[in-house]
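**Q** structure for this input, please:
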Amino acid sequence: MKQYVEQLKRNLTVSFRPRGNSMSPRIKSGELITVSPELGKLKEGDIVLCKVNGHLYLHLIRAIKGGRYKIGNNHGRINGWCGENAIFGKVTKVKN
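**A** Numbers count the residues shown, from 1 in each chain. Below you'll find the model as predicted:
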């Protein structure tokens, strides 16, 4: 996912097929997703490409508190908190 982060940092929209089941059924393994560098107003429930504790995740914003975002998967696991500078893009489309 590092190559997608680099493209998002250059203000480019990216599409790719992530693997894994941590976001199912919202995103199933291998589905084509589109991630935009335009974050807009982030809210709980948005799916973002972000870095938490040194790891890249394509996960949900579970909570927002004072400019910090609690990140977790679709099955209740929490990865931790990050600032907006660690959020590189927001999922705008999911297509199988």
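
**Q** drop to CA atoms for contacts and neighbour counts, all remaining ones
**A** Noted.

**Q** pLDDT score assigned to Lys65?
**A** Looking at Lys65, its pLDDT reads 97.

**Q** got the phi and psi for Gln3?
**A** Main-chain dihedrals, Gln3, degrees, to the nearest 10: phi -60, psi -30.

**Q** excluding chain neighbours, give the residue nearest to Glu31 in space.
**A** Distances taken as Cα to Cα, 6 or more residues apart in numbering place Asn96 nearest to Glu31, at 4.5 Å, with adjacent residues excluded.

**Q** so who does the one you found touch?
**A** Going by Cα atoms under 8 Å, 6 or more residues apart in numbering, Asn96 touches 30-32.

**Q** what is the nearest of the residues you listed to Gly67?
**A** Minimum distance to Gly67 across the contacts of Asn96 is 29.6 Å, recorded for Leu32 (Cα to Cα).

**Q** the closest residue in space to that closest one that isn't next to it in sequence: neighbour count?
**A** Distances taken as Cα to Cα, 6+ apart put Arg17 closest to Leu32, at 4.6 Å, once the chain neighbours are dropped. Arg17 has 16 neighbours, counted by other Cα atoms under 10 Å.

**Q** tell me which element His59 falls in.
**A** strand 55-65 (DSSP states H and E).

**Q** and the helix or strand that comes right after that strand, how far out from the chain middle?
**A** Helices and strands here follow DSSP H and E; after strand 55-65, the next one along the chain is strand 68-72. Offset of strand 68-72 from its chain centre (Cα atoms, centre = their mean, to the nearest Å): 10 Å.

**Q** now do strand 68-72 against strand 55-65, angle only.
**A** Between strand 68-72 and strand 55-65, the angle comes out at 120 degrees (axes from the mean of the first three to the mean of the last three Cα atoms, to 10 degrees).

**Q** for strand 68-72, buried residues please.
**A** 69-72 (16 or more other Cα atoms under 10 Å).
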